[in-house]
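Enquirer: Pasting a predicted model and its sequence here:
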Amino acid sequence: MHLDGYGRRAVAAAVALALAWGCGSGGDDEGADGEARDPGAPATTAPAEPVPAEGAATCWTAPPGGGGDGPLGFEDVTGDRGLVEPLLGMYGHAAAAADVDGDGWTDLFVGGFADRDEADYRVRGADGPSPDRLLLGGPDGFAVDDRFPGELARTSGATFADLDGDGDLDLVVARNPQPGDELTERPTTVYENRGDGWSAVAELAPATAARSIAALDVDRDGLTDLLVLGDRFGDGPTRAFRNTGGFAFEDATNDWGVPDDLRGLALATVDLDGDGRLDIVTSGDPRVLLGGPDGFVVEEVPELRWETHGDEDDPAGVDAGDLDGDGRPDLVVGQHFNSTVDDGETVPVRVLLNRSEPGAPALGDVTEEAGSPPLPTKAPHVAVADLDDDGRPDVVTSAVTEDGTPLVLRNTGTEDGVPRLEPTGEAAAGRYWVTGATADLDRDGRLDVFLVAWEPSEPSVLFRATGTAGAWVEVDLAALGPAAAGTRVEATAGDRRATAWATSTTGYAAGAPPVVHLGLGDATGDVEITVTPPGGDPRRLTTPAGSRTSLAGC
């Protein structure tokens with residue numbers, strides 16, 4: 001393990017947090033009171049009164065800009081933040097966001113397919129294909145991290161996760177290998193964050209044309225395991241890998257009950273049935289993998305089936321959030337339907353409300369009732385995020401409106417148990433981005449939307465949300481390590497309450513940071529926050545409205 005000053009501080013903070021929390025956030029053996037805990041017991045068996053989360057600290061604040069009820073707009077800040085030149089010459093297909101160097105600013109990974117004819121990349125001033133890029137964020141924007149061994153490959157997805165338990169985030173890059181040469185055959189790769197640089201330390205599933213990566217602690221041994229989703233158009237099935245330490249992974253696909261024929265374009269890790277264990281939802285497959293003490297149990301949910309119009313019509317990105325305010329994670333699913341571009345079909349982003357009970361996943365399709373419109377274009381990437389901080393999470397899509405901004409389905413409230421979603425514009429026929437990241441990249445308290453273009457002739461774009469915004473809080477969960485994925489965060493201020501979940505993977509081909517952002521509308525003063533890792537005990541902290549808090553200190 002190679003650590004600079006930041007790495008040593010991160011390890012110390014993570015150890016301190018583990019001691020303060022009694023190492024109870026995700027273990028199977030004991031509860032907070034020392035009694036044996038049933039590994040499959042629902043989260044509701046946690047103590048009714050959470051105990052304080054020692055070691056947490058407010059890292060920075062930014063005032064809200066209003067109550068969040070005004071118009072929502074976007075400002076293109078791509079050039080101002082240094083994201084034009086580094087992303088030239090790229091068929092973009094992968095994005096991931098996280099603070100990898102511990103400076104408090106969110107960084108970005110962007111990758112793509114580099115196996116096309118070289119002349120195809122020579123547009124907008126590019127000399128040829130660009131390698132995968134790691135871009136370090138800061139107060140003046142983004143700069144290429146020259147220490148990252150960017151490669152030319154068929155990069156199809158990515159996520160950050162602490163794989164060796166040293167307190168910083170490593171990187172898993174999904175690859176979609178095809179027979180040919182070293183470039184096209186390069187497999188899914190794990191990169192170690194060494195503090196002073198990066199190193200490729202493991203290759204996974206070389207026979208699998210991968211799409212999406214899930215990082216979660218399946219067996220609850222304190223190490224982050226990986227699930228590599230196989231592409232339905234490519235060779236090789238989905239594979240699950242048990243982390244055995246030291247960046248060594250063993251195939252646990254059969255041991256954990258993952259079907260050999262499970263394939264798709266995206267997946268989500270979410271405790272759908274509320275039993276305290278993470279489940280796997282795969283777009284394009286009605287089978288949900290329910291987490292259990294020995295891996296997964298397969299259950300079918302009919303609402304995850306789609307009607308298609310052609311052979312290359314597929315459900316795509318998946319994300320989870322509490323759209324109807326009942327405290328349970330609902331799902332939104334994007335679409336990668338070629339028939340929208342080729343045949344004039346219109347297909348909506350689907351909205352699925354959670355109706356599950358422990359051991360019995362169930363969803364209600366309210367797409368039409370909620371107001372999600374049929375789109376004359378693909379919308380492969382989706383994210384559930386409260387862009388105006390009014391306390392109601394919105395749905396960000398990668399469809400392009402006629403004025404060139406992302407199409408957002410703005411959540412205006414719930415009627416008769418169904419969220420009402422209003423599009424921020426008309427979708428432009430045949431125009432879309434592939435993937436992206438939604439995070440506060442400039443530390444102004446508002447979530448920004450970064451969207452990755454497929455064609456090298458089109459730019460990837462960073463949008464800053466404008467308009468009034470409500471109160472907000474943000475919680476950095478990186479110190480939880482493997483327990484960060486799936487952690488439930490509830491924020492309460494007066495009569496305002498919001499709930500969200502951390503995840504390692506979001507939307508289509510994208511990795512999410514271990515950070516939860518919650519809007520609280522017109523709330524003021526202190527906010528009570530309860531943090532509950534999957535199957536673990538809740539911990540409570542208090543922070544001012546309009547602040548980012550880290551569980552490991554700043």
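Expert: Here it is on my side, so go on. Numbers count the residues shown, from 1 in each chain.
Enquirer: residue ranges for the strands of the stretch 201-350 of the chain, please.
Expert: With DSSP state E, counting those that start in this stretch as the criterion, the stretch 201-350 of the chain has strands at 210-216, 225-230, 239-245, 248-251, 267-270, 279-282, 287-292, 295-300, 313-321, 330-337, 350-354.
Enquirer: Pull the residues that contact the fourth one.
Expert: For strand 248-251, contacts defined as C-beta atoms under 8 Å, 6 or more residues apart in numbering pick out 190, 202, 204, 225-226, 239-244. Using the backbone N, CA and C atoms, a C-beta is placed for each residue, glycine as well.
Enquirer: ok, now with 10 Å
Expert: Applying C-beta atoms under 10 Å, 6 or more residues apart in numbering, the external contacts of strand 248-251 come out as 163, 190, 201-205, 223, 225-226, 228, 239-244.
Enquirer: Can you give me the neighbour number for C554?
Expert: For C554, the neighbour count with other C-beta atoms under 10 Å is 14.
Enquirer: That one against A57, yeah?
Expert: Yes: contact criterion C-beta atoms under 10 Å: C554 and A57 qualify, at 5.1 Å.
Enquirer: could the strands of the stretch 201-350 of the chain go into a markdown table alongside mean pLDDT?
Expert: Putting the strands of the stretch 201-350 of the chain into a markdown table (pLDDT from 0 to 100) gives the following:
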| stretch | mean pLDDT |
| --- | --- |
| strand 210-216 | 95 |
| strand 225-230 | 97 |
| strand 239-245 | 98 |
| strand 248-251 | 98 |
| strand 267-270 | 96 |
| strand 279-282 | 97 |
| strand 287-292 | 97 |
| strand 295-300 | 97 |
| strand 313-321 | 97 |
| strand 330-337 | 98 |
| strand 350-354 | 98 |
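Enquirer: Could you save these as CSV and add columns showing mean neighbour count and distance to D181?
Expert: Listed next are those as CSV, based on neighbours: other C-beta atoms under 10 Å; distance: least, C-beta to C-beta, whole Å:
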stretch, mean neighbour count, distance to D181
strand 210-216, 28, 18
strand 225-230, 27, 22
strand 239-245, 20, 23
strand 248-251, 14, 26
strand 267-270, 27, 29
strand 279-282, 26, 31
strand 287-292, 24, 35
strand 295-300, 16, 36
strand 313-321, 26, 28
strand 330-337, 28, 27
strand 350-354, 23, 39
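Enquirer: which stretch among the ones you listed comes nearest T530?
Expert: If you check each of those against T530 by C-beta to C-beta, strand 313-321 wins as the nearest, at 17.2 Å.
Enquirer: That closest one to strand 330-337, inter-axis angle?
Expert: With axes from the mean of the first three to the mean of the last three C-alpha atoms, to 10 degrees as the basis, strand 313-321 and strand 330-337 are set at 160 degrees to each other.
Enquirer: Only alpha carbons, please: show strand 313-321 as CSV.
Expert: Backbone C-alpha positions of strand 313-321 (Å, rounded to 0.1, in the frame of the first residue of the first chain) are rendered in CSV as follows:
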residue,chain,number,x,y,z
ASP,A,313,-34.4,-1.5,-28.6
ASP,A,314,-33.3,-1.8,-25.0
PRO,A,315,-34.0,-0.5,-21.5
ALA,A,316,-30.9,1.4,-20.4
GLY,A,317,-29.9,3.4,-17.3
VAL,A,318,-31.4,2.7,-13.9
ASP,A,319,-31.5,5.0,-10.9
ALA,A,320,-33.3,5.0,-7.5
GLY,A,321,-34.8,7.7,-5.3
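Enquirer: OK, contacts around A205?
Expert: So, once contact is read as C-beta under 10 Å, 6+ apart, A205 ends up touching 174-175, 177, 187-188, 226, 228-230, 236-241, 249, 251, 253.
Enquirer: among the strands of the stretch 201-350 of the chain, which is nearest R443?
Expert: Using C-beta to C-beta, the strands of the stretch 201-350 of the chain put strand 313-321 closest to R443, at 22.3 Å.
Enquirer: Off-centre distance for the closest one?
Expert: 12 Å (C-alpha atoms, centre = their mean, to the nearest Å).
Enquirer: try stretch 52-69
Expert: 21 Å.
Enquirer: Averaged pLDDT, it. What do you get?
Expert: Across stretch 52-69, pLDDT averages out at 81.
Enquirer: Would you check that L169 makes contact with D162?
Expert: Yes: using C-beta under 10 Å, L169 is in contact with D162, at 5.6 Å.
Enquirer: Quickly list what's touching both of those two.
Expert: 10, 98, 193, 215, 478, 481, 484, 514.
Enquirer: Report the two of those separated the most.
Expert: Within these, two members stand farthest from each other by C-beta to C-beta: A10 and A215, at 17.3 Å.
Enquirer: confidence score at the closest residue to G222 other than its chain neighbours?
Expert: Leaving aside its chain neighbours, G222 sits nearest to P482 (6.2 Å; criterion: C-beta to C-beta, 6 or more residues apart in numbering). With respect to pLDDT, P482 scores 91.
Enquirer: okay but P482 is in contact with T269, surely?
Expert: No: contact criterion C-beta under 10 Å: P482 and T269 do not qualify, at 11.6 Å.
Enquirer: Find residues that contact each of the two.
Expert: 215-216, 218, 504, 534.
Enquirer: Now render the residues you listed as a markdown table, adding distance to G264.
Expert: Formatted as a markdown table, the shared contacts of P482 and T269 follow (distance: C-beta to C-beta, whole Å):
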| residue | distance to G264 |
| --- | --- |
| A215 | 17 |
| L216 | 17 |
| V218 | 18 |
| S504 | 16 |
| P534 | 22 |
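Enquirer: Which one of these is nearest to T78?
Expert: S504 (26.1 Å).
Enquirer: you'd agree the closest one is up against A483?
Expert: No: the criterion here is C-beta under 10 Å, and S504 misses it with A483 at 11.6 Å.
Enquirer: between the two, what contacts are shared?
Expert: Common contacts of S504 and A483 (C-beta under 10 Å, 6+ apart): 216, 224, 514.
Enquirer: Nearest to N338 among those residues?
Expert: Among the shared contacts of S504 and A483, and counting by C-beta to C-beta, the member closest to N338 is L216, at 31.5 Å.
Enquirer: For that closest one, which non-adjacent residue is spatially closest?
Expert: Excluding the flanking residues, the one nearest L216 by C-beta to C-beta, 6+ apart is A485, at 4.6 Å.
Enquirer: Can you give me the neighbour number for that neighbour?
Expert: For A485, the count of nearby residues is 28 (other C-beta under 10 Å).
Enquirer: residues in contact with it?
Expert: Per C-beta under 10 Å, 6+ apart, neighbours of A485: 26, 159, 161, 214-217, 224, 269-270, 278, 477, 501-505, 512, 514, 533-534.
Enquirer: Could you tell me how many residues sit around E75?
Expert: 12.
Enquirer: Show me the beta-bridge partners of it.
Expert: Residues in a beta bridge with E75, per DSSP bridges, are R464.
Enquirer: Hmm, it is touching D444, no?
Expert: No: between E75 and D444 there is no contact, the gap being 11.4 Å when judged by C-beta under 10 Å.
Enquirer: Quickly list what's touching both of the two.
Expert: 464-465.
Enquirer: low pLDDT regions in the stretch 51-200 of the chain?
Expert: Scanning the stretch 51-200 of the chain for pLDDT under 70 picks out 51, 66-68.
Enquirer: show me where it has helices.
Expert: Ranges of helices within the stretch 51-200 of the chain: none, based on DSSP state H, counting those that start in this stretch.
Enquirer: can you tell me the distance between the two ends of stretch 108-126?
Expert: Using C-alpha to C-alpha, to the nearest Å, one end of stretch 108-126 lies 20 Å from the other.
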